[in-house]
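A.B. asks: Test case, fold it:
(one chain, ligands or ions: 1)
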Amino acid sequence: MMSASSLAQIRIPSQKIKMKEQTKYQIQPEILEFMRKSSGMTEDEVAKKLKLPKNKYLRIEDGDEPISQNELVHLADIYKRPLIAFYSAEVTKVPEMPHDYRLNRDKKLSPEVFFAKRKALYLAEQLKEITGRKTTLPEINTNISAIELAEKMRNILEIDFNFLKELKDEPILSYYKSLIEEKFFIPIIEHSLKTNGVRAFSVFSEVCVMVLNESDSNEVKLFSLFHEFCHLLKRQDGICTVDIEKDKNNQPEEKYCDEFAANVAMPEDALRNSIQEPISTFVQVEKIARAFGVSKQVAIIRLKEFRLIDHRKFNAFKSKLQSAKKPSFGRRNWERTFVTIWQKISSLIQDGQLHSHIEVQREIKNTIYPKDKLLQWSNRNKKIFAGIDDCQNNQIPKIRLQYNLSYWQNEMNRPAPWADPYLIAMAICEHAIIITQEHKTKANRIPPIASQFGIRSLNLLEFFQELKIKL
Ligand SMILES: [Zn+2]
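C.D. replies: The predicted structure is shown next:
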């Protein structure tokens, strides 16, 4: 579903490649400041990551001192941004973080959360572009009790608890996720949210997105899923802890959405129906929790709520839960794989005939597993990746005009490097041919944009044919 990045290469018949490591760059102070703030980082943190004294970093951010290429690349890596974003004022026009219902205003969100938010927005925009679809939330009056709203939602989603019992290989979470994704076109992604206790968040926009914490267990994710879904039904963004035991008296929205989640995932009737004999053992609790796909914690809270266990039993189960707590390990499932053409043609590359851009090198570094042959290859052939120069930067505003504005803006938000504009700029400056697998005529792709500047693009097949002719 993600568009493959174009790792294009430029062929230059006879030209030595010069690395321009000494080049200094002047980046607009507003952009540098925006980049840092939109990553949720302080000046100290960035200076430390760059291994620069704070005052030197401040001079750079204030525009009093230029930045070296190595520092610029390092900064792009820290912020997980395309290099081109440092040269585009559009980058500062990204949407705001969702309103924070949970945290105190002055509490700092971790850079992971900022990054996950940007990824979510980027994904939403891409999906809108690729599919032309938008999220369609049901028109329900949400000024009703959480229990009533949950019941309406169960009917719309046609949740059948007898059916859940029959799910064998598929976790209940996946079942619910696909229900929501398919019915309403709400993509659900998982990402590391790490610190600050942020459990999940949702972004309300034309394509709504929910982000779950990848290291949570499926049962916790399931609760988060319905909690975030509740925010979206109420046409809200949310950044949430989704800890149903915490006192949320001051946060009515959070309390409401917790109640909603509990009532969708484990409604009273279905819970009562699932119990054949009085609950006395922890094994019974585990069985019930499994049947609904919820955590044991949610199960005992619900059991207590409906007086299916007494206070004493509840406390006993609770302490058993606390003693059994072990860290859960999540699996990263948002691994953007930028499909590269490098693998296929690496054997054809000879020094001086082909060269590429430092941003392509970043794409390779950022997206390929370290052991990958391609990365090893690119490390051995560092020389072919040329840096940014003035000629390229002078082309960028003209290239920018060939892109659709909203597409360009979204690319400024790309949670990874983006080489396309620099490849085109480089081709213009070096009078080169671009080799790319990208679509020849589709808007915002390398070939049609490059052709506006009289630059040819070849796909791999054409490239091979061209080589043959010359041989
Ligand atoms: Zn919330």
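A.B. asks: going forward, measure contacts between C-alpha atoms and count neighbours the same way
C.D. replies: Will do.
A.B. asks: Now name the helix or strand holding K398.
C.D. replies: Using DSSP states H and E, K398 falls within helix 390-402.
A.B. asks: Return the distance of that helix from the chain's centre.
C.D. replies: Centroid displacement of helix 390-402 relative to its chain, using C-alpha atoms, centre = their mean, to the nearest Å, is 28 Å.
A.B. asks: Run through who's touching that helix.
C.D. replies: 87, 408, 421-422, 424-426, 428-429, 444, 449, 452 (C-alpha atoms under 8 Å, 6 or more residues apart in numbering).
A.B. asks: Show me what secondary structure element comes after that helix.
C.D. replies: Sequence order places helix 405-412 as the next helix or strand after helix 390-402, per DSSP H and E.
A.B. asks: For the protein, give the residue positioned nearest to the ion.
C.D. replies: Closest contact between the chain and the ion, by C-alpha to the ion, is at C240 (4.1 Å).
A.B. asks: Let me know whether that residue touches F201 as I believe.
C.D. replies: Yes: if you go by C-alpha atoms under 8 Å, C240 and F201 touch, sitting 5.8 Å apart.
A.B. asks: which one of these two has more residues nearby?
C.D. replies: Comparing C240 with F201 by other C-alpha atoms under 10 Å, the one with more neighbours is F201, at 29 against 22.
A.B. asks: Skipping adjacent residues, who's closest to N218 in space?
C.D. replies: In this structure, N218 finds its nearest non-sequential neighbour in L173, 6.2 Å apart by C-alpha to C-alpha, 6 or more residues apart in numbering.
A.B. asks: Can you tell me which helices and strands the helix or strand harbouring the one you found packs against?
C.D. replies: Using DSSP H and E, L173 sits in helix 172-184. If you count contacts as 3 or more C-alpha pairs under 8 Å, 6 or more residues apart in numbering; DSSP states H and E, helix 172-184 packs onto helix 146-157, helix 218-233.
A.B. asks: most tightly surrounded among these?
C.D. replies: Comparing these by mean neighbour count (mean count of other C-alpha atoms under 10 Å), helix 218-233 comes out on top with a mean of 25.
A.B. asks: So for I188, what's the nearest residue that isn't a sequence neighbour?
C.D. replies: Per C-alpha to C-alpha, 6+ apart, closest to I188 is M210, 4.8 Å.
A.B. asks: Now do the strand or helix carrying the one you found and helix 172-184, the angle between them.
C.D. replies: Secondary structure assignment for M210, by DSSP H and E: strand 209-213. In terms of direction (axes from the mean of the first three to the mean of the last three C-alpha atoms, to 10 degrees), strand 209-213 departs from helix 172-184 by 170 degrees.
A.B. asks: could we number from 640 for the rest of this?
C.D. replies: Done: numbering now begins at 640, and the last item shifts to strand 848-852.
A.B. asks: Next, the angle helix 857-872 makes with strand 848-852.
C.D. replies: Using the same axes, to 10 degrees: strand 848-852 against helix 857-872 is 150 degrees.
A.B. asks: quick one: which of the contacts of helix 1029-1041 is nearest A900?
C.D. replies: For the contacts of helix 1029-1041, the closest approach to A900 (C-alpha to C-alpha) belongs to W1047, at 37.5 Å.
A.B. asks: Report the contact partners of that closest one.
C.D. replies: W1047 touches R1039, counting by C-alpha under 8 Å, 6+ apart.
A.B. asks: what does the protein put close to the ion?
C.D. replies: Selection of the chain residues close to the ion by C-alpha under 5 Å from the ion yields 879, 893.
A.B. asks: Just want the most central residue of the chain.
C.D. replies: Central residue of the chain (C-alpha atoms, centre = their mean): K758, 2.8 Å from the mean position.
A.B. asks: How many residues are close by I1063?
C.D. replies: If you count neighbours by other C-alpha under 10 Å, I1063 ends up with 29.
A.B. asks: try A904
C.D. replies: 23.
A.B. asks: Next up, the contacts around the nearest residue to it once chain neighbours are set aside.
C.D. replies: Distance criterion C-alpha to C-alpha, 6+ apart; nearest residue to A904, sequence neighbours excluded, is F931 at 6.6 Å. Counting by C-alpha under 8 Å, 6+ apart, F931 makes contact with 800, 803-804, 811, 904-905.
A.B. asks: Please enumerate the strands of the chain.
C.D. replies: In the chain, the strands defined using DSSP state E lie at 648-650, 663-664, 706-707, 827-830, 839-842, 848-852, 877-879, 993-996, 1024-1025, 1072-1074, 1096-1097.
A.B. asks: TSV for those, including mean pLDDT?
C.D. replies: Putting these into TSV (pLDDT from 0 to 100) gives the following:
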stretch	mean pLDDT
strand 648-650	49
strand 663-664	86
strand 706-707	92
strand 827-830	87
strand 839-842	88
strand 848-852	90
strand 877-879	80
strand 993-996	82
strand 1024-1025	86
strand 1072-1074	88
strand 1096-1097	89
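A.B. asks: So for E700, which of the ones you listed sits nearest?
C.D. replies: strand 706-707 (9.1 Å).
A.B. asks: Pull up the pairing partners for the closest one, direction included.
C.D. replies: In the sheet, strand 706-707 lines up against strand 663-664 (antiparallel) (DSSP bridges).
A.B. asks: and the strand holding M849, what other elements does it pack with?
C.D. replies: helix 750-770, strand 827-830, strand 839-842, helix 857-872.
A.B. asks: again, only using 6 Å
C.D. replies: strand 827-830, strand 839-842 (3 or more C-alpha pairs under 6 Å, 6 or more residues apart in numbering; DSSP states H and E).
A.B. asks: how big is the angle separating that strand from helix 750-770?
C.D. replies: 140 degrees.
A.B. asks: Touching strand 848-852 from outside, list them.
C.D. replies: Residues outside strand 848-852 that contact it (C-alpha atoms under 6 Å, 6 or more residues apart in numbering) are 825-832, 838-842.
A.B. asks: so where's the stretch 990-1110 of the chain shaky on pLDDT?
C.D. replies: 990-992, 1006-1012, 1103, 1106-1110 (pLDDT under 70).
A.B. asks: Show me where it has its helices.
C.D. replies: 997-1006, 1012-1019, 1029-1041, 1044-1051, 1059-1069, 1085-1090, 1099-1109 (DSSP state H, counting those that start in this stretch).
A.B. asks: P705: which of those helices is closest?
C.D. replies: Per C-alpha to C-alpha, nearest to P705 of the helices of the stretch 990-1110 of the chain: helix 1029-1041, 13.9 Å.
A.B. asks: buried set for that closest one?
C.D. replies: 1031-1032, 1034-1035, 1038, 1041 (16 or more other C-alpha atoms under 10 Å).
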